[in-house]
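Peer 1: Any chance you could fold what I've pasted below:
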Amino acid sequence: MSGPRIKTLWGSFPNGEEGFEELDRTVAYRISLKTWANWVDSTINPNRTRVFFTTMSPTHTRNEDWNHKDGIRCFNETKPVTKKKYWGSGSDKPMMSVAANVVEKMKVPVTFINITQISEYRIDGHASVYTEKGGNIVN
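Peer 2: Numbering: from 1, shown residues only. Predicted structure coming up:
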């Protein structure tokens, strides 16, 4: 694979065995999600606890993606994207695939909430667009 790489720290830290390795971002993401999945599978009692996994929010940085060349990213957008199977340029399909594959193989049932795809259709769906610094709602 090629593309952005992530420097990862690995090792048995109490024993002083550690090192760094640069990995493809999807490989690093898979390793981290498998670590989380192993913890969930070994710790969570599915009869008492429900587990949800929420995907990442899309970036919506290119207003040309939804044919609104005069738009300012997400701000002031009020209409949904009507193009079927739309994926904006800011969504990372390989990372989404990694998340879906890891969750699918888990023993404990996990509800996979794909906000990435949902939010792609609603450019105005980011709560951060409607808040000030500090989290106050803008009227």
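
Peer 1: who touches the most centrally placed residue in the chain in this structure?
Peer 2: Nearest to the geometric centre of the chain sits M56, at 2.3 Å (Cα atoms, centre = their mean). For M56, the residues meeting the contact criterion (Cβ atoms under 8 Å, 6 or more residues apart in numbering) are 92, 95, 115-116. Any C-beta I mention is one placed from the backbone N, CA and C, and that applies to glycine too.

Peer 1: Swap in 10 Å and give it another go.
Peer 2: 90-92, 95-96, 99, 115-116, 119 (Cβ atoms under 10 Å, 6 or more residues apart in numbering).

Peer 1: Of those, which pair is most distant in space?
Peer 2: Using Cβ to Cβ, those span at most 16.1 Å, a distance reached by G90 and A99.

Peer 1: Please identify which of those two sits among more neighbours.
Peer 2: A99 (20 against 16; other Cβ atoms under 10 Å).

Peer 1: hang on, that one packs against K105?
Peer 2: No: assessed by Cβ atoms under 10 Å, A99 is found out of contact with K105, at 11.4 Å.

Peer 1: all strands for this protein, in order.
Peer 2: 5-12, 17-24, 51-54, 110-113 (DSSP state E).

Peer 1: Can you get me a residue count around D92?
Peer 2: Count around D92 with other Cβ under 10 Å applied: 19.

Peer 1: what's the distance between it and T26?
Peer 2: D92 sits 9 Å away from T26 when distances are taken as Cβ to Cβ, to the nearest Å.
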